[in-house]
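Visitor: Got a sequence here, can you build the structure:
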Amino acid sequence: RMIQSLDFDMLKIRMFSIYKNFVTDLLKLKQPKDDTIANTPISTVNDHLTKDSFEGLIQEGFDIYILFQSLAVHSKLARSHLEDSEFTVHQKAAYDFFKEH
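Guide: Model (predicted):
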């Protein structure tokens, strides 16, 4: 029931926003376009990580990712929202980053 009331699209947008701010700060970018962030390889982001990189707002992105995964275990509807075709290119870049970490 809770799954039907969740706005997966809004959560994906939020996840990308968090990721964009994280990458912008980490790589010291000045007002990057969404495409720039989405096309930045995870390996480039990884190269700039420090021991305290995951402190702060980025935790919310991990919380959203964990929520998605937890719901997908028990719900076909939730799993369907996590299919590649259900993400924009920007959202998929953020999702893949959180998945990798």
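Visitor: From residue 34, how far off is residue 62?
Guide: Computed with CB to CB, to the nearest Å, the distance linking residue 62 and residue 34 is 21 Å. Bear in mind the C-beta positions are built from the backbone N, C-alpha and C, glycine included.
Visitor: so where's the chain uncertain?
Guide: Within the chain, the ranges that satisfy pLDDT under 70 run 1-4.
Visitor: Is residue 16 in contact with residue 90, as I believe?
Guide: Yes: the pair residue 16 / residue 90 is scored as a contact, 5.0 Å apart, by CB atoms under 8 Å.
Visitor: Can you tell me which helices and strands the helix or strand where residue 21 lies packs against?
Guide: Assigned by DSSP states H and E, residue 21 belongs to helix 8-26. Counting contacts by 3 or more CB pairs under 8 Å, 6 or more residues apart in numbering; DSSP states H and E, helix 8-26 packs against helix 34-38, helix 58-74, helix 89-100.
Visitor: Buried residues, it. List them.
Guide: Using 16 or more other CB atoms under 10 Å as the test for burial, helix 8-26 gives 8, 11-12, 14-20, 22-24, 26.
Visitor: Between helix 58-74 and that helix, find me the angle.
Guide: Relative orientation of helix 8-26 versus helix 58-74 (axes from the mean of the first three to the mean of the last three CA atoms, to 10 degrees): 150 degrees.
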